[in-house]
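Q: coords please:
(chains A, B, C and D)
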There are 4 protein chains.
Amino acid sequence: MSINVGIIGATGHTGEVLIELLLKHPSVKITHLYNSGGAGAQAISSVFPKFKKRIDLVCKKPDFAEIKKDCDLIFLALPHTVSMKFVPKLLSLGKKVIDLSADYRIKNPKVFEKFYKTGHSDKLNLRKSVYGLPELNRADIKSANLVANPGCYPTGAILGLAPLLAVNLADTDSIIIDAKSGVSGAGKKLEKEYLFSEIQDDFRAYKVNTHQHIPEINQALSKISGKKVEAIFVPHLLPIDRGILSTIYVKKAAGAKLKVKSIFELYRKFYKNEPFVRIKPEGQFPRIKDVVKTNFCDIGVKDFGSSIIIISVIDNLLKGASSQAVQNMNIIYKLPETAGLL
Amino acid sequence: MSINVGIIGATGHTGEVLIELLLKHPSVKITHLYNSGGAGAQAISSVFPKFKKRIDLVCKKPDFAEIKKDCDLIFLALPHTVSMKFVPKLLSLGKKVIDLSADYRIKNPKVFEKFYKTGHSDKLNLRKSVYGLPELNRADIKSANLVANPGCYPTGAILGLAPLLAVNLADTDSIIIDAKSGVSGAGKKLEKEYLFSEIQDDFRAYKVNTHQHIPEINQALSKISGKKVEAIFVPHLLPIDRGILSTIYVKKAAGAKLKVKSIFELYRKFYKNEPFVRIKPEGQFPRIKDVVKTNFCDIGVKDFGSSIIIISVIDNLLKGASSQAVQNMNIIYKLPETAGLL
Amino acid sequence: MSINVGIIGATGHTGEVLIELLLKHPSVKITHLYNSGGAGAQAISSVFPKFKKRIDLVCKKPDFAEIKKDCDLIFLALPHTVSMKFVPKLLSLGKKVIDLSADYRIKNPKVFEKFYKTGHSDKLNLRKSVYGLPELNRADIKSANLVANPGCYPTGAILGLAPLLAVNLADTDSIIIDAKSGVSGAGKKLEKEYLFSEIQDDFRAYKVNTHQHIPEINQALSKISGKKVEAIFVPHLLPIDRGILSTIYVKKAAGAKLKVKSIFELYRKFYKNEPFVRIKPEGQFPRIKDVVKTNFCDIGVKDFGSSIIIISVIDNLLKGASSQAVQNMNIIYKLPETAGLL
Amino acid sequence: MSINVGIIGATGHTGEVLIELLLKHPSVKITHLYNSGGAGAQAISSVFPKFKKRIDLVCKKPDFAEIKKDCDLIFLALPHTVSMKFVPKLLSLGKKVIDLSADYRIKNPKVFEKFYKTGHSDKLNLRKSVYGLPELNRADIKSANLVANPGCYPTGAILGLAPLLAVNLADTDSIIIDAKSGVSGAGKKLEKEYLFSEIQDDFRAYKVNTHQHIPEINQALSKISGKKVEAIFVPHLLPIDRGILSTIYVKKAAGAKLKVKSIFELYRKFYKNEPFVRIKPEGQFPRIKDVVKTNFCDIGVKDFGSSIIIISVIDNLLKGASSQAVQNMNIIYKLPETAGLL
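A: Next comes the predicted model:
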């Protein structure tokens, strides 16, 4: 079987990484590459010289007639608030859509508007979208037409907290997520703060407890725990290109009772059958290098009596974006979930 | 006035930085450089080629007769548990001593033994040592014969928390210090984990809530607040050479009352007259680059209702080690506190 | 078809990268992983945590009975002078061998001894080995039993110079190769000079015109040009993990006549059908980022009248080692040359 | 004695570094800071937060009445072609001027125009300017009113070649300078190519043998050797902030005769009394780390028979810009040449 795939937004960071992944995927044919509509046509190998002698396609403005004819699935690798301009049309053509932007992640349009500074123009499909975190939503993803691929910080934070919250072991008023991300998370913005001389040999926090990924994290954690969660979230910028490490601090809920012999066992069992989540041996914590360029999320957890410390790592452009999108595609098409990803 | 200074442990990281600082100090003459006793004599400019044409001294094993004659003050830039072999003799010669190791920081010898894996051999002087954090202990430092220069993590954490704890605004059971340090904090250990290929493009936590700086932090915070503090402390290793950023999470104490108009004002006033502590404008947080190669500690603080987030940054080898030692020397000798440091 | 492959030396840098490549190769099964004989058995996923949930093999000491039974081809990813201890036995078992060390590259055993400080113990097979640079020796590689996989610096330098030397356009007395390599080229040596704090923010030359890759470069260049070449070669150490950029300076030979319309055309035509060599558009030069994590060699060339400047880039661990080894395997087994490599 | 100093162009990279140096200089008072005229007034400590609690001045547009009254010397830390708009007026006020731009370095206005794409508007002062390389022009600098402070690449290249060219040992047709610079050399340009993600883990050449520093290098080398020199010059961009390493290849001139016992001795003697040039021990080469944050130029040289290889290193923002400007100031004012620089 070969899935015919198109990408809209092929010239951005996540688009570039998607192309790379799909070129190596045994069951995918990339049929078309599109930009978001504003720019002229350009050979993708002149945008990214590394694709010379690997892929010949031209990246041009989206052509729905062509998509109708040549694509089974469309990946949207677009900036936030741009995706929702394309989704209704693509779904009406009967295409499967995996959206890597934030547009269809947050179910409450008012919350979306508050954090993304624009109203939601496609509330109908927003209601139907499936949050594409396979470890939690695999069943729904299988039959989804529109997958809202998770954000990078939420992926690491939610996978790190899910086992605890699923059994109500955490005091949901005291969750702190101290996250550190590589610079590629910011995409390719030409802003002074992303110059080499501003990043190298430096480290800083940003959007301290005000980042737009907060509602996405809280929505997922609340759903898992069945209670309203309002975590504190502080992201920081690492002088590296790729990877997120999240250090998570949780107080145990009053009267919490564990049904397995330890917190470590809880985590090990929760993710036992997951192909892309690995729990570190007891007492060990993960590092970014072990997951960079992979779709894995590695997690370490340790019990300190009244508190629990969890550390999770992912590659922000892969499990935090493009390879998780491919994992979702594999699920939709009943392929082995690891196809093209190991 | 010129102070005659000797350094024991001149070939380590903090020794190297001390030499650099003292060469530029207008009131200091470096009279002798010593190693810890085991190695042979070596021109300091062959150990550090960057000192060629700048300083001619030979680094050799300590010679107490020479010290007696030629030194007013000795800096000990030695590994932990080595300093206490030298201190009694140096004090008996009537010398001032500033010890950059951990040996005289922790007042309870049992706690020292637990974290540093060796008994304390000089409890007499341990009792008399003054903890050399000028912002808190300036008066005692003035008349000290033995200054225990603070550790790097403790300096950033304590300065970040002192204003809150001094007025009992913090729930002392809920303090979390998530610290990120450059690699130079590890000295010059030849271990696999400090190879370029292990650090570059990576990030990891280490000694999660078990680091030997924990008792030093808790001792100081408990003294400030008048209550037993047991903070959670997780250090991480940044792929940079120098600098520590500490992100500190505090819950407000139940019933806490602020006497000034805001937490920001509290911090601004607390450090108003400090030459080396700078509070960021309201709503802003500091970055490592602003303090690297300086003796400054920059602090940002923001009130989030039930929680307060504080971020402090220092250069771990300077305010976290060698330049703080020089600041202490300036205080002892009644020099302007900023001499040689601005 | 599936090739059964064993690796001896699986725990080093090139071994690690080989495993990664072969796991993704559609026609390869890794049957056994071996160390060089000295260490105990260890799960490869505990040596490299990133291989957890990807490969289950244990790395143990070489077992020739097992190899005889289970392997078609052996990759030797061993330190120099260790490979030649294994090759005779492996060839006698009728196995194909691709040796990533320097042991079978230099045809003159005296030259080998001079640069590698040890006599050659397997001169018989040394005579029969094929130098595994596909762009120059494809025909011989097809039928080789023992491939001497080229060194990293030689690969970049030779591919950069071959078109010029093949038509005798270069003054062979004036070739200068100024090469800059990432640190991974040094393997995983635990030496002070490879510590993060010694590499980061630094840059230096080493083994100035005395590096052991010089005879390998000169041997290949002499063969291409039919004249004795003695290039000047200065390697430098970049503060990056992977990649080599070689800036090559050539004076035109007196009376040199070009049969195509430009030097640029000469290069374009020379490598026209090569799947892994890409010539930059006229007037442009390549950068390391375009080839990192790939098997490509990108080359830029510009004519400055009496002089020609050529710049080539490769990934030192891939085209300069492990992926070139896989390319050689593909050639031997008549697979598409790009199998598992694009 | 205290010199009253103003800086025009205080908000750029070299301006920032100049302020830092002058704050530590024992005989300087910074009286005014100016921008180039276009921007509004701004506290220098809000432009550079690291100057808070260190310097209080406001940076505003240049005010000649004020300069007349309050400044002995003006440093121009301006972009190329901007300095020459200020110089005539400043000299007419009787001020000493040290210009860090390229405007007064190249004596032939046609060459200047070719490389800097603009005609020279102040040919009168261009004729009188003194090239501020103390090691070659100390006598002229002493009495100069207008010093053209050298470029970064020329400083490293010229100091590396001067001893050879001064005694006519080099074949002046075969000089190759392969230079590698940190990114700060590009100033603070907001261009895509200087983003962290474009520099980190990468390395590339740029302006291959066409860089605007070429005529400055050739002018100086021609003057030293008394012959027209046309060196080949290829600059590269290192993934570090500061430092230049130049690897220089020279063929010996036919019939060259050395009057000292070795090339090494030639270099040692040539720079024997220079406070800021250090020759590495025979057989050794310098690294960038040894000179970063200093005014030193370290040089290594080795004789390979028909060729000589020289490697020089400097900090591009210090000996290659701001600290060399301070060295020139020290010479003009008869201060110890090392004042404020060691």
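Q: C-alpha from now on. contacts and neighbour counts both.
A: Noted.
Q: Could you check how far the residue nearest to A:Tyr116 when sequence neighbours are not counted is from A:Ser222?
A: Distances taken as C-alpha to C-alpha, 6 or more residues apart in numbering or on different chains put A:Gln212 closest to A:Tyr116, at 7.0 Å, once the chain neighbours are dropped. As defined by C-alpha to C-alpha, to the nearest Å, A:Gln212 lies at a distance of 17 Å from A:Ser222.
Q: Walk me through the domains of chain A.
A: Per the record's domain assignment (automatic domain parsing), chain A is made up of the domains A:3-149+A:321-332, A:153-314.
Q: Redo those domains as CSV? Include distance to D:Gly12, mean neighbour count and mean pLDDT.
A: Converted to CSV, those look like this (distance: least, C-alpha to C-alpha, whole Å; neighbours: other C-alpha atoms under 10 Å in any protein chain shown; pLDDT from 0 to 100):
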stretch, distance to D:Gly12, mean neighbour count, mean pLDDT
domain A:3-149+A:321-332, 31, 19, 96
domain A:153-314, 13, 20, 96
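Q: Can you tell me which of those is nearest to B:Met329?
A: Put simply, out of the domains of chain A the one that sits nearest B:Met329 is domain A:153-314, at 29.3 Å, with distance taken as C-alpha to C-alpha.
Q: need the contact list for A:Asp56.
A: Neighbouring residues of A:Asp56 by C-alpha atoms under 8 Å, 6 or more residues apart in numbering or on different chains: A:Ala43, A:Ile44, A:Ser45.
Q: mind listing what A:Leu195 touches?
A: D:Leu190, D:Tyr194, D:Leu195, D:Phe196.
Q: Now the phi/psi pair for it, please.
A: Comment: the main-chain dihedrals of A:Leu195 come out as phi -60, psi 150, following degrees, to the nearest 10.
Q: what's the closest non-adjacent residue to it?
A: With sequence-adjacent residues excluded and distances taken as C-alpha to C-alpha, 6+ apart, A:Leu195 is closest to D:Leu195, at 4.1 Å.
Q: The one you found and B:Val28, how far apart?
A: Using C-alpha to C-alpha, we find D:Leu195 at a distance of 43 Å from B:Val28.
Q: Please apply the same query to A:Ala186.
A: Look at A:Ala186 and B:Val28: by C-alpha to C-alpha, they are 48 Å apart.
Q: Can you name the residues of chain A sitting close to chain C?
A: Where proximity means C-alpha under 8 Å from any C-alpha of the partner chain, the interface of chain A facing chain C comprises A:23-24, A:49-50, A:52-54, A:275-276, A:278, A:290-291, A:342.
Q: Chain B: which of these is nearest?
A: Distance to chain B across those (C-alpha to the nearest C-alpha) is lowest for A:Asp290, with 8.9 Å.
Q: In contact with that closest one: list those residues for me.
A: Each residue near A:Asp290 by C-alpha under 8 Å, 6+ apart is listed here: A:Asp298, C:Pro49, C:Lys50.
Q: could these go into CSV alongside distance to B:Asp63?
A: Rendered in CSV, the data for the contacts of A:Asp290 read as follows (distance: C-alpha to C-alpha, whole Å):
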residue, distance to B:Asp63
A:Asp298, 53
C:Pro49, 50
C:Lys50, 52
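Q: Adding distance to chain B, write those out as CSV.
A: Below are the contacts of A:Asp290 laid out as CSV (distance: C-alpha to the nearest C-alpha, whole Å):
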residue, distance to chain B
A:Asp298, 12
C:Pro49, 13
C:Lys50, 13
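Q: nearest to chain D, of the residues you listed?
A: When the contacts of A:Asp290 are ranked by distance to chain D (C-alpha to the nearest C-alpha), C:Lys50 comes first, at 20.9 Å.
Q: from the stretch 201-342 of chain A, which residue is nearest to chain C?
A: Ranked by C-alpha to the nearest C-alpha, the top residue of the stretch 201-342 of chain A for proximity to chain C is A:Asp290, at 4.7 Å.
Q: how about that residue, phi and psi?
A: When read as degrees, to the nearest 10, the backbone of A:Asp290 gives phi -70, psi -20.
Q: go on, A:Lys85?
A: Dihedral angles of A:Lys85 (phi, psi; degrees, to the nearest 10) stand at phi -80, psi -20.
Q: Could you look up the SS state of A:Gln284?
A: Of the three states, A:Gln284 takes coil according to DSSP: H, G, I helix; E, B strand; the rest coil.
Q: got it, and A:Lys189?
A: Secondary structure of A:Lys189, reduced to three states by three-state DSSP: coil.
Q: and the residue of the stretch 201-342 of chain A found nearest chain D, what does it touch?
A: Here the residue of the stretch 201-342 of chain A nearest chain D is A:Asp241; by C-alpha to the nearest C-alpha that distance is 6.2 Å. Applying C-alpha under 8 Å, 6+ apart, one finds that A:Asp241 lies in contact with A:Gly182, A:Val183, A:Ser184, B:Asp201, D:Phe196, D:Ser197, D:Gln200.
Q: and the closest residue to the third one other than its chain neighbours, helix, strand or coil?
A: This means A:Ser184. Closest residue to A:Ser184 in three dimensions, ignoring its sequence neighbours and counting by C-alpha to C-alpha, 6+ apart: A:Asp241, at 5.3 Å. Going by three-state DSSP, the secondary structure assigned to A:Asp241 is coil.
Q: now swap in A:Tyr267 and tell me
A: Taking three-state DSSP as the rule, one finds A:Tyr267 in the helix state.
Q: Not counting sequence-adjacent ones, nearest residue to it?
A: Here the residue nearest A:Tyr267, using C-alpha to C-alpha, 6+ apart, is A:Pro163, at 5.9 Å.
Q: From what I see, the one you found and A:Phe270 are in contact.
A: Yes: in this structure A:Pro163 lies within contact range of A:Phe270 using C-alpha atoms under 8 Å: 6.2 Å.
Q: Do a quick rundown of the strands in the stretch 151-300 of chain A.
A: Here the stretch 151-300 of chain A has its strands, by DSSP state E, counting those that start in this stretch, at A:176-181, A:204-205, A:232-237, A:244-251, A:277-279, A:297-304.
Q: what's the distance between the fifth one and the middle of its chain?
A: If you compare the mean C-alpha spot of strand A:277-279 with that of the full chain, they lie 17 Å apart, counting by C-alpha atoms, centre = their mean, to the nearest Å.
Q: same for that strand, what does it pack against?
A: In terms of contacts (3 or more C-alpha pairs under 8 Å, 6 or more residues apart in numbering or on different chains; DSSP states H and E), strand A:277-279 is packed against strand A:297-304.
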